[in-house]
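Trainee: 3D model of this:
(one chain, ligands or ions: 1)
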Amino acid sequence: MTQFSETSPIFKREEVLREEHYPDELPERKGEMDDLHMSLAPAARGVGANNVFLHGKAGQGKTAAAQAKLSELQQHAEEESDHLNLTTCYVSCESHDLSTSYKAASRIYQELTGETRPTGYATDVVMDMMFEAMNDIGGTIIIVLDEIDTLGDDDRILYSLPRARAQGYVGDHVFPSIIGISNDLQWRDNLSPKVKSSLYDDSVLFSPYDATQLQQILRRRAAKAFRDTELVPVDGAALPPDADGDSEPAESSTPSQTAPDDDTAEEQQTHDETPVEGPTVSEDSETEELTDEQSDSPLAGTPIQVDNSGQEYIFRSGILTDDVIPLIAALSAQDTGDARQAIKYLRKAGELADKSDEPMVTAEHAREAQALVEREAVVEAMREMTTQAHLALAALTALELSGDAPVRAKPIYGVYKSIASEVDADKLGQRRFKDHLRELDMQGIADGEKVAAGSIGGPAWQYQLQVDTEIAVEVLKDTTRVANINFKTIGDDRSLP
Ligand SMILES: Nc1ncnc2c1ncn2[C@@H]1O[C@H](COP(=O)(O)OP(=O)(O)OP(=O)(O)O)[C@@H](O)[C@H]1O
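Mentor: Just a heads-up that it's a prediction; the model follows:
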């Protein structure tokens, strides 16, 4: 008998909390979706879509909006139009090391033809192969280039693709266009004028979600993901007096303290798959039926929307305590308003409750989840740092281990130089080294504090690690350059001024 189980008392469909789950409806992005619609609408009229640039910070639904609008256009092409011949192709410029026009063009070729990615050719040849593939396919071809800024200065593909018809790279029967997606506004501003003018017919800004929007997003997800959790149509239910748009959850919700048994679990899974008459209550157009017992349950919270139909729903859960979603939404809104991050907190909170065999997901789990996710992000950031940043981190870590932190930049620099000598790395000047310390501070790995300087005048900075020393050592031991350093000895050996 193993510890594994096919079901969880907490989750009904945890996959909807995973990053790869993209919803069909994004009511919080109605304005942006309408703008995107305007850019793609010419395709339905047979003249090709406009090129469009979607920008905004991470996790704002840019990719989700592009995917949802393109699948709507695809549906129009298949079911309603007798002339729209549509091909769409999604390429993330960040993945697969696609940081050059060459690689992006070869990936587009691969996506369009189903052949293997061409390698070993000149860039011109691969571009020609890509355009030839477009000529073979014909019709409207919309290419989504996500994380487009990772192409950096290599703007060749961005210049050629939008001008393919004008330049005769493709025939008159082909209408190629690009949806470019980026988190980096500065990159767009730095593009050469010729690329800017050819690439961006239209642009759509996705501003950060606020706490209310994040609550709505989380409730739609939670209703799919967790057991004994649902969205109940406002019209079909008796609302408590406090369900009036106030964002405070109602006290009246008395979730059941017991997790569903296996029979209930099975029943819920079957009922998930059974479409019924009535309004859609899920974000991805599946339908759910409310049992009498569920409909009688007390309801709490602000009415929310699941699509743009205007129908409102009330969230009810016997698994999440009332404060979980408002707390996660507030935490994420205070940070960057990132929906991906908020959904991740919710998933982790559920996993923590599951792991400790607790019947409810509570605010405590949510806070613990946030700490865990943040820690993972910092570890990830530490792993991806440059060698010089690793050396700066190693120096500060050694001083933490010897009990000397918080410590001024100068002694850290001294330890850095001895580590750099030991691993035979270039030694930066003090000024550039300090840039790395500031970088560690900005990434939340170190904590820099301004302190009054001695007799020489002017304020000075002192630093200490903000992450656990053991975690820093663990990450540094995994980096080839400093893997064999004995931090303890380095910290002990040097004498501080
Ligand atoms: N309005 C929304 N409703 C439901 N889910 C959303 C919404 N906005 C974003 N999400 C979800 O949040 C996650 C991140 O969204 P998405 O990838 O579209 O963001 P992005 O702006 O493209 O971010 P990045 O630039 O970092 O790729 C996805 O899982 C997506 O399904």
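Trainee: Going toward the C-terminus from the strand or helix carrying Ala371, what's the next helix or strand?
Mentor: Per DSSP states H and E, Ala371 falls inside helix 363-383. Next helix or strand after helix 363-383 toward the C-terminus (DSSP H and E): helix 387-401.
Trainee: Any chance you could list what contacts the very next helix or strand once past that next one?
Mentor: Once helix 387-401 ends, the next helix or strand along the chain (criterion: DSSP H and E) is strand 407-408. Residues outside strand 407-408 that contact it (C-beta atoms under 8 Å, 6 or more residues apart in numbering) are Leu396, Leu399, Val451, Ala460, Trp461, Gln462, Tyr463, Gln464, Leu496. Backbone N, C-alpha and C define where each C-beta goes, glycine included.
Trainee: quick one: contacts of the helix holding Ala371?
Mentor: 321, 323-324, 327-328, 331, 341, 344-353, 358, 393, 443-445, 467, 471-472, 475, 478-479.
Trainee: Any buried residues in that helix, and which?
Mentor: For helix 363-383, a neighbour-count test (16 or more other C-beta atoms under 10 Å) marks 363-370, 372-374, 378-379, 381-382 as buried.
Trainee: try stretch 46-65
Mentor: 48-57, 59-65.
Trainee: With Gly310 as the reference, measure out to whatever residue of the chain ends up closest to the ligand.
Mentor: In the chain, the residue that lies nearest the ligand is Gly61 (2.9 Å; C-beta to the nearest ligand atom). With distances taken as C-beta to C-beta, to the nearest Å, Gly61 is found 20 Å from Gly310.
Trainee: and if you look at Glu14?
Mentor: 30 Å.
Trainee: try Arg13
Mentor: From Arg13 to Gly310 the distance is 26 Å (C-beta to C-beta).
Trainee: So the two - more neighbours on which side?
Mentor: Remark: of Arg13 and Gly310, Arg13 carries more neighbours, 17 against 7, as counted by other C-beta atoms under 10 Å.
Trainee: now could you export just the CA positions of stretch 160-178 as CSV?
Mentor: Listed next in CSV are the C-alpha coordinates belonging to stretch 160-178 (Å, rounded to 0.1, in the frame of the first residue of the first chain):
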residue,chain,number,x,y,z
SER,A,160,10.3,41.5,-42.5
LEU,A,161,7.2,39.7,-41.3
PRO,A,162,4.8,42.7,-41.2
ARG,A,163,6.1,43.9,-44.6
ALA,A,164,6.1,40.5,-46.3
ARG,A,165,3.3,41.3,-48.7
ALA,A,166,4.6,44.8,-49.5
GLN,A,167,8.1,43.4,-50.2
GLY,A,168,6.8,40.5,-52.2
TYR,A,169,8.2,37.8,-49.8
VAL,A,170,4.7,36.2,-50.0
GLY,A,171,2.1,36.2,-52.7
ASP,A,172,-1.1,38.3,-52.8
HIS,A,173,-3.0,35.2,-51.6
VAL,A,174,-1.3,35.4,-48.2
PHE,A,175,-2.1,37.8,-45.3
PRO,A,176,0.5,37.4,-42.6
SER,A,177,0.4,39.5,-39.4
ILE,A,178,1.9,39.5,-35.9
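Trainee: Give me the distance from that stretch to the chain's centre.
Mentor: Its chain's C-alpha centre and that of stretch 160-178 lie 32 Å apart, by C-alpha atoms, centre = their mean, to the nearest Å.
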